[in-house]
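J.: can't give you the sequence, but here's the structure:
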């Protein structure tokens with residue numbers, strides 16, 4: 001997970017994270033919700049960026065771009081590492 005940008009207040013960050021292989025072939029809808037302090041904003045796939053929207057499927061090699069609150073980084077990590085069905 002790499003921090004790409006931080007709001008001057010420190011309350012919000014944009015991070016990049018490679019999609020774990022376990023998510024390939026699964027919808028990324030769980031990452032769109034934003035109730036736990038994070039929200040998937042866009043995905044870079046094969047050099048092309050796409051805004052995240054319901055029904056987006058993960059593919060091997062995807063790079064996730066996620067906005068997180070200071071507290072949301074741990075929740076995002078748990079969700080992503082937990083896999084698409086946990």
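T.: Cool, the structure landed. In this text, all values refer to a predicted model and were calculated from it rather than measured experimentally.

J.: just give me how far the least confident helix or strand in the chain by mean pLDDT sits from the chain centre.
T.: Using mean pLDDT, DSSP states H and E, the weakest-scoring helix or strand in the chain turns out to be helix 72-82, at a mean of 90. What separates the centre of helix 72-82 from the centre of its chain is 9 Å, taken as CA atoms, centre = their mean, to the nearest Å.

J.: before we move on, what about stretch 1-21?
T.: So, by CA atoms, centre = their mean, the centroid of stretch 1-21 is 9 Å from its chain's centroid.

J.: now swap in stretch 38-46 and tell me
T.: Mean-position distance between stretch 38-46 and its chain equals 6 Å (CA atoms, centre = their mean).

J.: got the contact list for it?
T.: Stretch 38-46 has contacts (CB atoms under 8 Å, 6 or more residues apart in numbering) with 14, 19, 28, 31-33, 49-52, 56, 58-59, 61-69, 72-73, 75-76, 79. For the C-beta atoms, the positions are set from N, CA and C on the backbone; glycine is no exception.

J.: got the contact list for the least confident helix or strand of the chain?
T.: Residues from elsewhere that reach helix 72-82 (CB under 8 Å, 6+ apart): 1, 13, 15, 17, 19-20, 23, 30-31, 36-38, 64, 66, 68, 86.

J.: hmm, residue 30 is touching residue 84, no?
T.: Yes: with contacts counted by CB atoms under 8 Å, residue 30 reaches residue 84, the gap being 6.9 Å.

J.: so which bits of the least confident helix or strand of the chain are buried?
T.: Within helix 72-82, the residues that count as buried by 16 or more other CB atoms under 10 Å are 72-73, 76, 79-80.
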